[in-house]
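Novice: My questions concern the predicted model and sequence given below.
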Amino acid sequence: MKNLFFPILAVLILLTACKKDIKTADTVTPDNDASVNQLTDTEVLLKKYEKEGFIDKNTYVVVLIKPAGSRFNQLDIENQAKKRAFVSLQNEVISENKRLSANDKTVIVNSINNNGKLKKIKDEKQSRDIYVFEICEENFYNKIKKMGI
């Protein structure tokens, strides 16, 4: 089991490091953006989830886009989202020149498993399926920022 962990982790890190840059935008809600009134419900959701990572102090988001009708089932997509969230959250800590302990990694995995939910966003283009994996936990941003040594 240990022999498989490091190659899988290396592949995950490589995949996330080589991914295309994601455009970021401030969180958009009908209350803070007048132009939202001209958008459809789907466009409002897509605008909200343009940013991947922390969208507020309690919510961390990972966005997955798949071709419409792809062979992936819901469980495959959820597992992929969990792995991506784990690597991304580790990178949040590592980017501050800190190392994660085994306990910190366990806390991250528990937060992902206990508080993460996969949502499918209906896309009007019908050429793609958009999935959002949200981790909602009270004061999650500060919890992650305090991790590491």
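Specialist: That came through fine.
Novice: Specify the local secondary structure of Asn103.
Specialist: Under DSSP: H, G, I helix; E, B strand; the rest coil, Asn103 falls in the helix class.
Novice: Quick one: residues in contact with the lengthiest helix in the chain.
Specialist: For the chain, the helix with the greatest residue count under DSSP state H is helix 74-94. With contact meaning C-beta atoms under 8 Å, 6 or more residues apart in numbering, helix 74-94 is reached by 9, 12-13, 16, 52-53, 60, 62, 64, 66, 72, 100, 104-105, 108-109, 112-113, 116, 118, 131, 133, 135, 144-145, 147-148. Glycine gets a C-beta too; all of them are placed from N, C-alpha and C.
Novice: ditto for stretch 141-149
Specialist: 54, 56-58, 60, 89, 92-94, 96, 98-101, 104, 107-108, 111, 137.
Novice: swap in stretch 98-111?
Specialist: Against stretch 98-111 from outside (C-beta under 8 Å, 6+ apart): 86, 89-90, 93-94, 135, 137, 140, 143-144, 147-149.
Novice: how about the nearest residue to Asn115, chain neighbours excluded?
Specialist: Closest residue to Asn115 apart from its sequence neighbours, by C-beta to C-beta, 6 or more residues apart in numbering: Glu137 at 4.6 Å.
Novice: Report the separation between the one you found and Lys143.
Specialist: Between Glu137 and Lys143 the computed distance is 7 Å (C-beta to C-beta, to the nearest Å).
Novice: what's the answer for Leu64, then?
Specialist: In terms of C-beta to C-beta, Leu64 sits 24 Å off from Lys143.
Novice: Val62 now?
Specialist: 17 Å.
Novice: of these two, who's got more company?
Specialist: When neighbours are counted by other C-beta atoms under 10 Å, Val62 and Lys143 differ, and Val62 comes out ahead with 25 against 16.
Novice: give the contact list for Phe72.
Specialist: Phe72 is in contact with 66, 80, counting by C-beta under 8 Å, 6+ apart.
Novice: Brilliant, that's me finished.
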